[in-house]
Each structure stands twice: as C-alpha cells, then as structure tokens.
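In: sequence-free structure coming up:
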C-alpha cells in the first residue's frame with residue numbers, strides 16, 4: 001500500500017499543510033470539532049468525487 005496510501009500522525013493544522021498531489025480518499029479519526037478544519041485543509045487537493053469519512057470513538 002506504500003505507493004497508494006499515506007498515514008499521517010500529528011497536529012492536522014501542520015501535517016495537512018504539507019500534502020502533495022490530489023487526494024482520492026480521506027479517513028479522519030479525530031475529535032469531532034477538528035473534522036471540519038481537516039476537510040477544509042484538504043478540500044483544495046480533493047479530486048472530483050472523493051471519498052471522505054470521519055470517525056471518532
């Protein structure tokens with residue numbers, strides 16, 4: 001999966017700033033109030049028709 005997926009750990013306000021290229025799928029396992037900022041940070045890089053999923057425990 002190394003060539004197809006990337007797992008990032010850390011503060012999303014920093015790690016998502018460094019994204020390259022288009023994003024097809026985004027799974028966010030995060031504190032709910034940070035889900036919208038995460039999506040907003042990645043939105044400019046999302047391909048048309050992407051999958052987006054947020055979950056929290």
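Out: Looks like it came in fine. Treat the numbers as computed from the prediction; the structure is a model and nothing was measured. Numbers count the residues shown, from 1 in each chain.

In: contacts, neighbours, all on C-alpha from now
Out: OK.

In: just checking, what packs against the longest helix seen in the chain?
Out: When the chain is parsed with DSSP state H, its longest helix is helix 35-42. For helix 35-42, the contact count by 3 or more CA pairs under 8 Å, 6 or more residues apart in numbering; DSSP states H and E identifies helix 12-15, strand 23-29 as packing neighbours.

In: angles on the backbone of the nearest residue to residue 24 once chain neighbours are set aside, please.
Out: Excluding the flanking residues, the one nearest residue 24 by CA to CA, 6 or more residues apart in numbering is residue 50, at 4.9 Å. The phi/psi pair for residue 50 (degrees, to the nearest 10) reads phi -80, psi 160.

In: what's near enough to touch residue 50?
Out: By CA atoms under 8 Å, 6 or more residues apart in numbering, the residues touching residue 50 are 23-26.

In: would CSV of those with pLDDT be doable?
Out: CSV is the format used below for the contacts of residue 50 (pLDDT from 0 to 100):
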residue, pLDDT
23, 88
24, 88
25, 88
26, 85
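
In: export those to CSV and append columns for distance to residue 4 and neighbour count.
Out: Output for these, formatted as CSV (distance: CA to CA, whole Å; neighbours: other CA atoms under 10 Å):
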residue, distance to residue 4, neighbour count
23, 10, 18
24, 10, 14
25, 10, 14
26, 12, 17
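
In: center of this structure - which residue?
Out: residue 26 (4.5 Å; CA atoms, centre = their mean).

In: pretty sure it contacts residue 47?
Out: No - contact criterion CA atoms under 8 Å: residue 26 and residue 47 do not qualify, at 11.0 Å.

In: any chance you could read off phi and psi for the residue nearest to residue 45 when sequence neighbours are not counted?
Out: Nearest non-adjacent residue to residue 45, counting by CA to CA, 6+ apart: residue 22, 5.0 Å away. Backbone torsions of residue 22, given as degrees, to the nearest 10, read phi -80, psi 150.
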